[in-house]
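> Kindly generate the corresponding structure for this input.
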Amino acid sequence: MGGHEARAGAEQRLGPAAEEADKELVRARVAVLNSYRWSSYPAYVGKVKKPDWLSTESIRQLFGSGPVESFR
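The predicted structure is shown next:
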């Protein structure tokens, strides 16, 4: 078992500390995406104006039609 399946029950197996560590890892990864000069993440989540050449529709469809803030 690996990937998502291995993490799915982390809180039950390892306690709240493991879940908090996962959340911190996600926060760190998002911070990198926000600060990396060549990342399109800020455009996808509505933090910056999307360049004309960037097509975000196909990725956004994967996550539903909610407001852009829900992608953050």
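
> Look at K47 and report its pLDDT.
Predicted confidence (pLDDT) for K47: 88.

> dump the residue contacts of it.
The neighbourhood of K47, defined by C-beta atoms under 8 Å, 6 or more residues apart in numbering, consists of N34. Using the backbone N, CA and C atoms, a C-beta is placed for each residue, glycine as well.

> Could you do Q61 as well?
By C-beta under 8 Å, 6+ apart, Q61 lies in contact with nothing.

> Helix, strand or coil: sort out it for me.
The three-state label given to Q61 by DSSP: H, G, I helix; E, B strand; the rest coil is helix.

> So it versus K49, what's the distance?
20 Å (C-beta to C-beta, to the nearest Å).

> A21 now?
From A21 across to K49, the span is 35 Å (C-beta to C-beta).

> Look at these two and report which has more neighbours.
Between A21 and K49, A21 has the larger neighbour count (other C-beta atoms under 10 Å), namely 12 against 9.
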